[in-house]
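Novice: build the 3D model from these lines:
(chains A, B, C and D)
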Number of protein chains: 2
Amino acid sequence: MTSGSGPIVSLSELTYKRGDQIYGKDEPTNYVCQVKKGAVRRCRLLSDGRRQINSFHLSGDIFGLENGGVHRFTAEAVVETTVSLIRQQSLEDVAEFDAVLSRNLLSMTTSNLQHAENHMLLLGRKSSMERVAAFLLEMDERLAAAGVLSLPMSRRDIADYLGVGLETVSRAVSQLHRAGVVNFIGNNQREIVILDRHRLASFDQPSSARS
Amino acid sequence: MTSGSGPIVSLSELTYKRGDQIYGKDEPTNYVCQVKKGAVRRCRLLSDGRRQINSFHLSGDIFGLENGGVHRFTAEAVVETTVSLIRQQSLEDVAEFDAVLSRNLLSMTTSNLQHAENHMLLLGRKSSMERVAAFLLEMDERLAAAGVLSLPMSRRDIADYLGVGLETVSRAVSQLHRAGVVNFIGNNQREIVILDRHRLASFDQPSSARS
DNA sequence: CGACATATTGATATCCATCAAACCGGGTGG
DNA sequence: CCACCCGGTTTGATGGATATCAATATGTCG
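Specialist: The predicted structure is shown next:
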């Protein structure tokens, strides 16, 4: 996060264990967070246990910027995670006079909106296989390191992000594995190698010829 | 839309017939639009005909503000609709020096984001009945005039907004009608009276006691 | 009045959720 | 070191919510 006069210093760093809540729904939005290490999920829970994960935030991502004074989602650490905090008030103070920061805040919110709107198409209209393929491609883009996709989140997290059951995610990944599109490192189901990115993309596509 | 120095004048007004495209996906974002009369849908189409409507925009709403130079969705008139246009460039020029306008742009984008994130929960996790009940309540809030809910959009539009089939929408509304929760004005299925708002809300709720 | 779009209602098919069981790796403690 | 457990994952079997197909109303417009 930068302003017209250089980067803004962060207030402090905190580390959370996997599963820990970073902030809760309806808590006041005093801080904006940046992920230093690990991964964060922003989610909402229905009283009967249904859960929707709106977004994952990985190393470098900023999250927790919301207007209206209270968080509309819960944020939790997916794995051991450290985040740095920035006072929201101080951001707003600076933005008042700093057009560069102001534009940065807007473009950050806009890109969150873009992501959300893409996800709405996925949730509203895509088949379970298309959802899983799209997910793997998204994560590949965001955290591909040396060709290995090292997913921090569980099948259940993925399922709640994609709006399907966790068994459905498992079956889709297995099917991609059997089709020779992805592979696992050792027997760790969270370490995935994408063997054929192009063919994977074809699974997130209306069923014309699917090789 | 207001800035620090009063309202911003619009460039011009245009009227579209029902079904007309206002702008297309991937067109350059030269203009931001405000609905004067009628209703607009912003949607995306998959090659096999599946469609997702991300948002409806009613009288007074502003839409079409997107970063990145191109529209990521198609905007179409749901019914006969007139919109007024504002040059996006002129907005950005003013925002550079006008903190009030700048904050307005941000809060507009934020409220779009809020809507999108609420909709993600609906699309990812809610039953068809919950979706329809939520839809009626949303529209009731946004265009309730004298207790009558006068929907401008077809069942198909509603279905593509809620991520279900149009017959499913029809069945849910019928069920609410039979349950005495809503009623129709004459025989027009788009003129709806909500007889019991509280009971309707209970249909958008995990199945505890549903009266 | 007939032609067409839109909506409802019914019958059937299908995808996916759910229930259930087996599997697997990792940690713990005897 | 091995037995055991435990959370996460896979795989299989079944049911159910909703998509899809089809037929019938109902409304609209020329």
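Novice: give me the element the residue positioned nearest the centre of chain A is part of.
Specialist: In chain A, the residue lying closest to the centroid (C-alpha atoms, centre = their mean) is residue A:56, at 1.7 Å. Taking DSSP states H and E as the criterion, residue A:56 maps to strand A:51-58.
Novice: low-confidence ranges, chain A, go.
Specialist: Applying pLDDT under 70 to chain A picks out residues A:1, A:5-10, A:208-211.
Novice: what residues go with each domain of it?
Specialist: Domain ranges of chain A: A:2-123, A:126-210, per automatic domain parsing.
Novice: is any residue of the longest helix along chain A near DNA strand D?
Specialist: In chain A, assigned by DSSP state H, the helix with the most residues is helix A:99-125. No - shown here: helix A:99-125 not in contact with DNA strand D (C-beta under 7 Å from any atom of the strand), separated by at least 9.1 Å. Where C-beta positions appear, they are placed from N, C-alpha and C, glycine not excepted.
Novice: all the helices of chain A, residue numbers only.
Specialist: A:88-95, A:99-125, A:128-143, A:155-162, A:166-178, A:197-203.
Novice: mind putting these into CSV with distance to residue B:26 and mean neighbour count?
Specialist: Listed next are these as CSV, based on distance: least, C-beta to C-beta, whole Å; neighbours: other C-beta atoms under 10 Å in any protein chain shown:
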stretch, distance to residue B:26, mean neighbour count
helix A:88-95, 31, 16
helix A:99-125, 14, 20
helix A:128-143, 20, 19
helix A:155-162, 26, 22
helix A:166-178, 30, 16
helix A:197-203, 19, 16
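Novice: and the residue nearest to residue A:67 when sequence neighbours are not counted, what is it in contact with?
Specialist: Spatial nearest neighbour of residue A:67, chain neighbours left out: residue B:110 (4.3 Å); criterion: C-beta to C-beta, 6 or more residues apart in numbering or on different chains. Applying C-beta atoms under 8 Å, 6 or more residues apart in numbering or on different chains to residue B:110 gives the contacts A:66-68, A:109.
Novice: do you know which of the helices of chain A lies nearest residue A:19?
Specialist: Residue A:19 sits nearest to helix A:155-162 of all the helices of chain A, at 10.8 Å, using C-beta to C-beta.
Novice: next one: that closest one to chain centre, how far?
Specialist: Here helix A:155-162 is found 11 Å from its chain centre; the criterion is C-alpha atoms, centre = their mean, to the nearest Å.
Novice: if we can go back for a sec, just put the helices of chain A in TSV and tack on distance to DNA strand C.
Specialist: Listed next are the helices of chain A as TSV, based on distance: least, C-beta to the nearest atom of the strand, whole Å:
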stretch	distance to DNA strand C
helix A:88-95	36
helix A:99-125	10
helix A:128-143	4
helix A:155-162	7
helix A:166-178	3
helix A:197-203	12
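Novice: run through who's touching stretch A:92-108.
Specialist: For stretch A:92-108, using C-beta under 8 Å, 6+ apart, the contacting residues are A:1-5, A:8, A:62, A:65, A:91, B:67, B:95-97, B:99, B:102-103, B:105-106, B:109.
Novice: and it, C-alpha only, in PDB?
Specialist: Extracted in PDB, the C-alpha atoms of stretch A:92-108 (Å, rounded to 0.1, in the frame of the first residue of the first chain):
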ATOM      1  CA  GLU A  92      -8.800   7.700   6.000                       C
ATOM      2  CA  ASP A  93      -6.900  10.700   7.400                       C
ATOM      3  CA  VAL A  94      -4.200  10.500   4.800                       C
ATOM      4  CA  ALA A  95      -6.600   9.800   2.000                       C
ATOM      5  CA  GLU A  96      -8.400  13.000   2.700                       C
ATOM      6  CA  PHE A  97      -5.400  14.900   1.300                       C
ATOM      7  CA  ASP A  98      -3.600  12.300  -0.800                       C
ATOM      8  CA  ALA A  99      -5.200  11.600  -4.200                       C
ATOM      9  CA  VAL A 100      -2.700   8.800  -4.900                       C
ATOM     10  CA  LEU A 101      -3.700   6.800  -1.800                       C
ATOM     11  CA  SER A 102      -7.300   7.600  -2.400                       C
ATOM     12  CA  ARG A 103      -7.100   6.100  -5.900                       C
ATOM     13  CA  ASN A 104      -5.300   3.100  -4.500                       C
ATOM     14  CA  LEU A 105      -8.100   2.500  -2.000                       C
ATOM     15  CA  LEU A 106     -10.600   2.700  -4.800                       C
ATOM     16  CA  SER A 107      -8.700   0.400  -7.100                       C
ATOM     17  CA  MET A 108      -8.300  -2.100  -4.300                       C
END
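Novice: next one: the residue lying farthest from the centre of chain A relative to residue B:102, how far apart?
Specialist: Centroid-distance maximum for chain A: residue A:97 at 31.2 Å, with C-alpha atoms, centre = their mean. Note on residue A:97: its distance to residue B:102, by C-beta to C-beta, to the nearest Å, is 11 Å.
Novice: so which of the domains of chain A is nearest residue B:30?
Specialist: domain A:2-123 (16.9 Å).
Novice: re earlier: and of the helices of chain A, who's closest to residue B:186?
Specialist: Using C-beta to C-beta, the helices of chain A put helix A:99-125 closest to residue B:186, at 31.9 Å.
Novice: just want the angle from the closest one to helix B:155-162.
Specialist: 120 degrees (axes from the mean of the first three to the mean of the last three C-alpha atoms, to 10 degrees).
Novice: gap between the residue lying closest to residue A:87 once chain neighbours are set aside and chain B?
Specialist: Leaving aside its chain neighbours, residue A:87 sits nearest to residue A:11 (5.8 Å; criterion: C-beta to C-beta, 6+ apart). Distance, residue A:11 to chain B, by C-beta to the nearest C-beta, to the nearest Å: 22 Å.
Novice: can you pull the contacts of residue A:11?
Specialist: A:31, A:84-87.
Novice: just residue A:131 next, same as before
Specialist: By C-beta under 8 Å, 6+ apart, residue A:131 lies in contact with A:122-123, A:162-164, A:172, A:204.
Novice: mind redoing it with 10 Å?
Specialist: Counting by C-beta atoms under 10 Å, 6 or more residues apart in numbering or on different chains, residue A:131 touches A:119, A:122-123, A:158-159, A:161-164, A:168-169, A:172, A:203-204, B:124.
Novice: what about the contacts of residue A:11, which are in strands?
Specialist: Counted as lying in strands by DSSP state E, out of those, are A:31, A:84-87.
Novice: PyMOL command to pick out the buried ones of these?
Specialist: Selection of buried members from those for PyMOL, criterion 16 or more other C-beta atoms under 10 Å in any protein chain shown:
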select buried, chain A and resi 31+84+85+86
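Novice: and the furthest pair within the ones in strands among the contacts of residue A:11?
Specialist: A:84 and A:87 (11.4 Å).
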